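Peer 1: This is the structure alone, sequence omitted:
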């Protein structure tokens, strides 16, 4: 029905995914350059853009048309496949930066399904704050946001949402189906938030992500990164909050001085990146404490479509046999964080992902050198309970029965949220925690309570997380599990 009809007005057909991305990039560059130029002209002369100029302030749109001729191909792959014939579309921002991701999604749709691709200027306007890199131009020009909103597109919350990811989107006959989970407006919204919260350019964020709730992991990660860029290996630079970049070849003393001077304290959830030439490095984000932070940062990281995020942080051990510095590998989550209850209700199971669980256990054995019963003494598997109240211990008489029924082995404030967000946003997830206190057994957090064994466990814990990511790199295709896909999934991962 679609492939034999002319292209929609303003759209042109392209032969290959690479050509489609080139055209998207050209249109996006033209639109942002035109918008930026009109803004700067207004700063200088107060000349408002014409209606013709305003019409150019729009995101490019990508369309994929699938008209099967015969049986629909069968693919075990969890993504880059059509579930029904039709027209699929999405607006696209920063096509050049997202090129590897777009190629990965589009090439199977064309080669296996015979999809036809079209590119044109869409209907979504580009909000002006998304083309001002520093954001201080407005202050220098003495302008208010209200004045600029008279003449330029502004971010509108009515246009930003997660309806596709949350299963709330409903198809209207004659309209395109979504090609991906996030359109350009939603993506740009999160890209700017990432810069604000993490203190680094979103382009520095790597697709293999570790999340932690304790700054001591940051110190270990920076040291690990400096060791890696001093070696003859794939890692090339360490990027720190505030945009500080330490490249291979920097003398160690100078590198450590740069790391020590980074203004990480200015940012709510500072991020640290150890990069590779092919953008397959590792990012560590210190998300702080609590489910609100955990949801906040993963809402925004999700638009980058990372390959995996793992929680490596501290927890309270709930079993007498656990010791400070032991590890907890979450096989299940009892979610008492409440922050996602209206989106992913607590009675929706959050499955453990076999590939991640195996990688974490293998990495623990590799780094600790323990096997069999020795490993079991250090590494407990079971349910982690995630609370929204750090002082849940004050309700012990009310909570003890539920803890017993859940058979939970650890308690924290982030892991269940991060797992539920991974499930919701189709990002593979996992949790490996380190026991920092035992609230039910008299070993509570007090200043100076951490012993030398616990201190050394932090370094080892981080190594396990990094080793797990190394293992998962080799299983990338199977990592993006079909367990994370709905029956009405958009084609893009």
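Peer 2: Cool, got the structure. No experiment lies behind these values; they were computed from the predicted model shown.
Peer 1: Name all residues that make contact with the nearest residue to residue 128 once chain neighbours are set aside.
Peer 2: Leaving aside its chain neighbours, residue 128 sits nearest to residue 152 (4.2 Å; criterion: Cβ to Cβ, 6 or more residues apart in numbering). To be clear about C-beta, it is placed using only N, CA and C from the backbone, and glycine gets the same treatment. Each residue near residue 152 by Cβ atoms under 8 Å, 6 or more residues apart in numbering is listed here: 35, 38-39, 42, 49, 57, 128.
Peer 1: quick one: secondary structure of residue 239?
Peer 2: strand (DSSP: H, G, I helix; E, B strand; the rest coil).
Peer 1: From residue 207, how far out is it?
Peer 2: Using Cβ to Cβ, to the nearest Å, residue 239 is found at 14 Å from residue 207.
Peer 1: More neighbours: which of those two?
Peer 2: Neighbours were counted for residue 239 and for residue 207 using other Cβ atoms under 10 Å; residue 239 has more, 25 against 22.
Peer 1: Please name the residues that touch the more buried one.
Peer 2: 200, 204, 245-246, 272-273, 275.
Peer 1: Residue 221 versus that one, what's the distance?
Peer 2: Using Cβ to Cβ, residue 239 is found at 12 Å from residue 221.
Peer 1: Identify the contacts common to the two.
Peer 2: residue 272.
Peer 1: what's the helix or strand for the residue nearest to residue 128?
Peer 2: Under DSSP states H and E, no helix or strand contains residue 152.
Peer 1: low pLDDT regions in the stretch 351-493 of the chain?
Peer 2: 440-455 (pLDDT under 70).
Peer 1: before we move on, what about the chain?
Peer 2: Those would be 1-8, 133-141, 440-455, if you go by pLDDT under 70 across the chain.
Peer 1: Find the residue at the geometric middle of it.
Peer 2: In the chain, the centroid-proximal residue (Cα atoms, centre = their mean) is residue 301; its distance is 2.6 Å.
Peer 1: unless I'm mixing things up, it is touching residue 205, no?
Peer 2: Yes. With contact defined as Cβ atoms under 8 Å, residue 301 counts as touching residue 205 (7.1 Å).
Peer 1: Domain map for the protein?
Peer 2: 11-194, 199-483 (automatic domain parsing).
Peer 1: In a strand, residue 460, correct?
Peer 2: No. With three-state DSSP as the criterion, residue 460 is located in helix rather than a strand.
Peer 1: burial of it, as a residue count?
Peer 2: 17.
Peer 1: mind starting the numbering at 28 from now?
Peer 2: Renumbered: residue one is now 28, and that last one reads residue 487.
Peer 1: okay but it is in contact with residue 396, surely?
Peer 2: No. Between residue 487 and residue 396 there is no contact under Cβ under 8 Å: 10.3 Å.
Peer 1: follow-up on the earlier one: now the contacts of residue 179 in TSV, with secondary structure?
Peer 2: TSV is the format used below for the contacts of residue 179 (three-state DSSP):
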residue	secondary structure
62	helix
65	helix
66	helix
69	helix
76	coil
84	coil
155	helix
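Peer 1: Check those and tell me the two furthest apart.
Peer 2: Pairwise distances across the contacts of residue 179 peak at 12.6 Å for 69 and 84 (criterion: Cβ to Cβ).
Peer 1: Which residues are in contact with each of these two?
Peer 2: 76, 179.
Peer 1: which of those two has more neighbours?
Peer 2: residue 84 (22 against 19).
Peer 1: ok, now how distant is residue 486 from residue 339?
Peer 2: Distance from residue 486 to residue 339, by Cβ to Cβ: 12 Å.
Peer 1: repeat for residue 299
Peer 2: 13 Å.
Peer 1: Just give the number of residues close to the residue nearest to residue 419 when sequence neighbours are not counted.
Peer 2: Nearest non-adjacent residue to residue 419, counting by Cβ to Cβ, 6+ apart: residue 426, 6.1 Å away. By the measure other Cβ under 10 Å, the count of residues near residue 426 is 17.
Peer 1: what about residue 426, distance to residue 345?
Peer 2: 11 Å.
Peer 1: cool, and residue 262?
Peer 2: Residue 262 is 38 Å from residue 345, by Cβ to Cβ.
Peer 1: out of those two, which sits in the more crowded spot?
Peer 2: Taking other Cβ under 10 Å, residue 262 and residue 345 do not tie; residue 345 has more neighbours (25 against 21).
Peer 1: In contact with that one, which residues?
Peer 2: Counted by Cβ under 8 Å, 6+ apart, residue 345 has contacts 412, 430, 435-438, 465-467.
Peer 1: Buried members of those into PyMOL, please.
Peer 2: Buried subset of those, written as a PyMOL selection, criterion 16 or more other Cβ atoms under 10 Å:
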select buried, resi 412+430+435+436+437+438+465+467
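Peer 1: what's the farthest-apart pair in the contacts of residue 345?
Peer 2: Applying Cβ to Cβ across these, the maximum distance is between 412 and 465, 14.3 Å.
Peer 1: ok but residue 372 is inside a strand, no?
Peer 2: No. Going by three-state DSSP, the assignment for residue 372 is coil, not a strand.
Peer 1: Against residue 298, how distant is it?
Peer 2: 31 Å.
Peer 1: repeat for residue 269
Peer 2: Counting by Cβ to Cβ - residue 269 and residue 298 are separated by 11 Å.
Peer 1: Quick check: residue 80 vs residue 190, distance?
Peer 2: In terms of Cβ to Cβ, residue 80 sits 31 Å off from residue 190.
Peer 1: no no, residue 143
Peer 2: 26 Å.
Peer 1: Looking at the two, which one has more neighbours?
Peer 2: residue 143 (20 against 12).
Peer 1: Could you measure from the closest residue to that one other than its chain neighbours over to residue 125?
Peer 2: With Cβ to Cβ, 6+ apart as the criterion, residue 143 has its nearest non-adjacent residue at 4.3 Å, and that residue is residue 92. From residue 92 across to residue 125, the span is 21 Å (Cβ to Cβ).
Peer 1: can you check residue 110 too?
Peer 2: From residue 110 over to residue 125 (counting by Cβ to Cβ), the distance is 23 Å.
Peer 1: And these two? Which one has more around it.
Peer 2: Taking neighbours as other Cβ under 10 Å, residue 110 and residue 125 compare with residue 125 leading, 19 against 15.
Peer 1: and the strand or helix carrying residue 389, how far from the chain's centre?
Peer 2: If you go by DSSP H and E, residue 389 is part of helix 381-395. Chain-centre distance of helix 381-395: 22 Å, with Cα atoms, centre = their mean, to the nearest Å.
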